[in-house]
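In: Build me a model from this:
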Amino acid sequence: MKSIGEEIQQSEFSDAYQKLGINILFTAAWFGERNRLALKDYDISLPQFNVLRILRGQKGQPMSVAGLCERMIDKSSNASRIVDKLEARKLVSRRVCDKDRRQVDVVITDKGISLLEELNEKVPSFKTIMAKQLSSKDAEALNFALDQIRNQK
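Out: Numbers count the residues shown, from 1 in each chain. Now for the predicted structure:
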(Lines give C-alpha, C1' and ligand atoms only; values in the text may rest on other atoms or scores of the structure.)
Protein backbone atom coordinates (compact mmCIF):
# COMPACT_ATOMS: atom_id res chain seq x y z
CA MET A 1 0.00 0.00 0.00
CA LYS A 2 1.39 3.38 -1.02
CA SER A 3 0.93 6.47 1.12
CA ILE A 4 -0.14 9.75 -0.45
CA GLY A 5 3.43 10.98 -0.07
CA GLU A 6 4.69 8.03 -2.11
CA GLU A 7 1.93 8.44 -4.71
CA ILE A 8 2.79 12.07 -5.42
CA GLN A 9 6.49 11.72 -4.57
CA GLN A 10 6.39 14.29 -1.78
CA SER A 11 8.07 13.39 1.48
CA GLU A 12 7.02 16.38 3.56
CA PHE A 13 3.79 18.27 4.08
CA SER A 14 3.35 21.48 6.02
CA ASP A 15 0.99 19.67 8.40
CA ALA A 16 -1.50 16.81 8.65
CA TYR A 17 -4.30 19.04 7.30
CA GLN A 18 -2.43 19.83 4.10
CA LYS A 19 -1.68 16.12 3.67
CA LEU A 20 -5.34 15.23 4.25
CA GLY A 21 -6.55 17.82 1.73
CA ILE A 22 -4.16 16.56 -0.92
CA ASN A 23 -5.09 12.97 -0.10
CA ILE A 24 -8.82 13.71 -0.52
CA LEU A 25 -8.26 15.44 -3.88
CA PHE A 26 -5.90 12.71 -5.11
CA THR A 27 -8.27 9.92 -4.08
CA ALA A 28 -11.27 11.63 -5.71
CA ALA A 29 -9.29 11.94 -8.95
CA TRP A 30 -8.22 8.29 -8.63
CA PHE A 31 -11.84 7.14 -8.32
CA GLY A 32 -12.85 9.42 -11.18
CA GLU A 33 -10.20 8.00 -13.47
CA ARG A 34 -11.22 4.41 -12.73
CA ASN A 35 -14.82 5.27 -13.56
CA ARG A 36 -13.86 7.29 -16.65
CA LEU A 37 -11.94 4.31 -18.03
CA ALA A 38 -14.88 1.97 -17.37
CA LEU A 39 -17.26 4.36 -19.19
CA LYS A 40 -14.93 5.03 -22.12
CA ASP A 41 -16.10 2.07 -24.22
CA TYR A 42 -19.69 3.30 -23.86
CA ASP A 43 -18.84 6.85 -24.99
CA ILE A 44 -20.35 8.31 -21.85
CA SER A 45 -18.79 10.89 -19.54
CA LEU A 46 -18.81 10.90 -15.75
CA PRO A 47 -21.30 13.83 -15.63
CA GLN A 48 -23.60 12.03 -18.10
CA PHE A 49 -23.38 8.88 -15.96
CA ASN A 50 -24.19 10.98 -12.89
CA VAL A 51 -27.28 12.48 -14.58
CA LEU A 52 -28.53 9.05 -15.65
CA ARG A 53 -28.11 7.72 -12.12
CA ILE A 54 -29.95 10.70 -10.64
CA LEU A 55 -32.82 10.20 -13.08
CA ARG A 56 -32.96 6.45 -12.41
CA GLY A 57 -33.28 7.29 -8.71
CA GLN A 58 -36.37 9.35 -9.54
CA LYS A 59 -38.15 6.04 -10.36
CA GLY A 60 -39.91 7.44 -13.43
CA GLN A 61 -40.72 10.82 -11.91
CA PRO A 62 -39.59 13.77 -14.05
CA MET A 63 -36.97 16.21 -12.85
CA SER A 64 -36.16 19.71 -14.03
CA VAL A 65 -32.73 20.57 -15.38
CA ALA A 66 -32.33 22.91 -12.40
CA GLY A 67 -33.10 19.99 -10.08
CA LEU A 68 -30.43 17.94 -11.82
CA CYS A 69 -27.91 20.75 -11.32
CA GLU A 70 -28.60 20.78 -7.59
CA ARG A 71 -27.98 17.05 -7.26
CA MET A 72 -24.99 16.63 -9.56
CA ILE A 73 -21.63 15.80 -8.03
CA ASP A 74 -19.78 18.27 -10.28
CA LYS A 75 -21.74 21.50 -9.87
CA SER A 76 -19.75 23.17 -12.66
CA SER A 77 -21.12 20.77 -15.28
CA ASN A 78 -23.49 22.19 -17.87
CA ALA A 79 -26.59 20.10 -17.18
CA SER A 80 -28.50 21.41 -20.21
CA ARG A 81 -25.72 20.36 -22.57
CA ILE A 82 -25.43 16.99 -20.83
CA VAL A 83 -29.16 16.41 -21.21
CA ASP A 84 -28.91 17.41 -24.90
CA LYS A 85 -26.27 14.73 -25.49
CA LEU A 86 -28.21 12.09 -23.57
CA GLU A 87 -31.40 12.97 -25.42
CA ALA A 88 -29.63 12.68 -28.79
CA ARG A 89 -28.74 9.10 -27.80
CA LYS A 90 -32.34 8.49 -26.65
CA LEU A 91 -31.19 7.78 -23.09
CA VAL A 92 -33.42 10.53 -21.67
CA SER A 93 -36.43 12.45 -22.93
CA ARG A 94 -37.65 15.96 -22.27
CA ARG A 95 -41.19 17.14 -21.88
CA VAL A 96 -42.91 20.34 -20.88
CA CYS A 97 -43.82 20.36 -17.19
CA ASP A 98 -47.56 19.91 -16.54
CA LYS A 99 -47.51 22.38 -13.62
CA ASP A 100 -45.30 25.09 -15.15
CA ARG A 101 -45.23 25.30 -18.94
CA ARG A 102 -42.00 27.35 -18.77
CA GLN A 103 -40.16 24.42 -17.19
CA VAL A 104 -38.83 21.41 -19.06
CA ASP A 105 -38.73 18.09 -17.26
CA VAL A 106 -36.35 15.24 -17.99
CA VAL A 107 -36.95 11.51 -17.52
CA ILE A 108 -34.75 8.52 -18.14
CA THR A 109 -35.85 6.22 -20.96
CA ASP A 110 -35.93 2.43 -20.97
CA LYS A 111 -32.80 2.58 -23.12
CA GLY A 112 -31.10 4.71 -20.44
CA ILE A 113 -32.10 2.26 -17.71
CA SER A 114 -30.78 -0.64 -19.78
CA LEU A 115 -27.47 1.14 -20.28
CA LEU A 116 -27.13 1.72 -16.52
CA GLU A 117 -27.84 -1.95 -15.85
CA GLU A 118 -25.05 -2.87 -18.26
CA LEU A 119 -22.72 -0.28 -16.72
CA ASN A 120 -23.34 -1.67 -13.23
CA GLU A 121 -21.32 -4.67 -14.35
CA LYS A 122 -18.44 -2.55 -15.67
CA VAL A 123 -18.09 0.50 -13.43
CA PRO A 124 -16.29 -0.25 -10.17
CA SER A 125 -18.60 0.56 -7.28
CA PHE A 126 -17.41 2.43 -4.24
CA LYS A 127 -18.44 -0.53 -2.08
CA THR A 128 -16.43 -2.99 -4.16
CA ILE A 129 -13.31 -0.87 -3.87
CA MET A 130 -13.64 0.39 -0.31
CA ALA A 131 -14.93 -2.75 1.39
CA LYS A 132 -11.58 -4.37 0.68
CA GLN A 133 -9.83 -1.75 2.84
CA LEU A 134 -12.37 -0.25 5.23
CA SER A 135 -14.83 -1.77 7.67
CA SER A 136 -18.37 -0.44 7.67
CA LYS A 137 -17.57 1.34 10.95
CA ASP A 138 -14.49 2.99 9.39
CA ALA A 139 -16.56 4.07 6.38
CA GLU A 140 -19.17 5.64 8.68
CA ALA A 141 -16.46 7.50 10.60
CA LEU A 142 -14.89 8.79 7.39
CA ASN A 143 -18.32 9.90 6.10
CA PHE A 144 -18.92 11.77 9.36
CA ALA A 145 -15.53 13.50 9.16
CA LEU A 146 -16.00 14.52 5.52
CA ASP A 147 -19.50 15.85 6.29
CA GLN A 148 -18.02 17.91 9.13
CA ILE A 149 -15.42 19.41 6.79
CA ARG A 150 -18.04 20.38 4.17
CA ASN A 151 -20.55 21.73 6.68
CA GLN A 152 -18.29 24.13 8.53
CA LYS A 153 -19.63 27.64 9.02
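In: CA only for contacts and neighbour counts going forward, please
Out: Noted.
In: Hmm, V92 and L86 touching each other?
Out: Yes: between L86 and V92 there is a contact under C-alpha atoms under 8 Å: 5.8 Å.
In: so what sits against both of these two?
Out: By C-alpha atoms under 8 Å, 6 or more residues apart in numbering, L86 and V92 have no common neighbours.
In: centre of the chain versus the helix or strand bottoming out on mean pLDDT in the chain, how much separation?
Out: For the chain, counting by mean pLDDT, DSSP states H and E, helix 126-130 ranks last in confidence among helices and strands (a mean of 75). Chain-centre distance of helix 126-130: 14 Å, with C-alpha atoms, centre = their mean, to the nearest Å.
In: Likewise for stretch 89-103?
Out: Its chain's C-alpha centre and that of stretch 89-103 lie 23 Å apart, by C-alpha atoms, centre = their mean.
In: List the buried residues in that stretch.
Out: L91, V92, S93, R94 (16 or more other C-alpha atoms under 10 Å).
In: what's near enough to touch the closest residue to the second one other than its chain neighbours?
Out: It stands for V92. Spatial nearest neighbour of V92, excluding adjacent residues (C-alpha to C-alpha, 6 or more residues apart in numbering): I108 at 4.3 Å. For I108, the contacting residues are L52, L55, R56, G60, L91, V92, S93, by C-alpha under 8 Å, 6+ apart.
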